[in-house]
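Peer 1: Pasting the sequence and the predicted model now:
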Amino acid sequence: MDTSKRSGPFEPNGFTISYKNLGTIHIDEFRQALLEDIRILKEDYGLHYVKGSRLKLYFTNEYGEPVRVRKPGCGHTHFIDTHHYRPSCKDYDL
């Protein structure tokens with residue numbers, strides 16, 4: 001099957017977890033669902049590393065109406081880099 005013409009959120013070299021069926025939920029509940037899925041991938045599937053991952057979120061109010069993400073201080077944004085810090089020396093065998 002030729003995957004070069006495939007469209008949609010599923011990448012042939014990636015792994016997708018769908019949360020669409022949860023509907024509009026509080027971000028804390030989403031966090032719990034995400035952490036539980038990561039735990040299952042680690043413990044049941046034996047997966048321990050990821051590389052170049054992205055997480056796309058669709059923010060809404062409590063009624064499911066889209067809201068724009070505002071930067072602290074000014075303007076709107078649609079992208080942030082992770083705030084998690086990992087020293088680059090951990091990416092290399094020393």
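Peer 2: Here it is on my side, so go on.

Peer 1: residues making contact with stretch 43-53?
Peer 2: With contact meaning Cβ atoms under 8 Å, 6 or more residues apart in numbering, stretch 43-53 is reached by 41-42. Every residue, glycine included, has its C-beta placed from N, CA and C.

Peer 1: Kindly recompute the last result at 10 Å.
Peer 2: When contacts are defined by Cβ atoms under 10 Å, 6 or more residues apart in numbering, stretch 43-53 is touched by residues 14-15, 38, 40-42, 82, 91.

Peer 1: Mind checking which of those are buried?
Peer 2: The neighbour-count criterion (16 or more other Cβ atoms under 10 Å) marks none of those as buried.

Peer 1: Go through those residues and flag which are in helices.
Peer 2: 38, 40-42 (DSSP state H).

Peer 1: Does the residue minimising distance to the centre of the chain belong to a helix, a strand or coil?
Peer 2: Centroid-nearest residue in the chain, with Cα atoms, centre = their mean: Leu55, separated by 2.2 Å. Using DSSP: H, G, I helix; E, B strand; the rest coil, the structure places Leu55 in coil.

Peer 1: Would you check that it makes contact with Ile38?
Peer 2: No: using Cβ atoms under 10 Å as the test, Leu55 is too far from Ile38 to be in contact (11.2 Å).

Peer 1: Between the two, which contacts overlap?
Peer 2: Contacts common to Leu55 and Ile38, judged by Cβ under 10 Å, 6+ apart, are Ile17.

Peer 1: Keeping just the C-alphas, turn stretch 19-29 into PDB.
Peer 2: Taking C-alpha atoms only, stretch 19-29 is exported to PDB below (Å, rounded to 0.1, in the frame of the first residue of the first chain):
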ATOM      1  CA  TYR A  19      -9.100  11.100  22.600                       C
ATOM      2  CA  LYS A  20     -11.900  12.300  20.400                       C
ATOM      3  CA  ASN A  21     -14.500  10.000  22.000                       C
ATOM      4  CA  LEU A  22     -13.900  11.700  25.400                       C
ATOM      5  CA  GLY A  23     -15.600  14.900  24.100                       C
ATOM      6  CA  THR A  24     -15.000  18.100  26.000                       C
ATOM      7  CA  ILE A  25     -13.200  17.300  29.300                       C
ATOM      8  CA  HIS A  26     -11.200  19.300  31.800                       C
ATOM      9  CA  ILE A  27      -7.500  19.500  31.200                       C
ATOM     10  CA  ASP A  28      -6.800  17.700  34.500                       C
ATOM     11  CA  GLU A  29      -8.900  14.700  33.400                       C
END
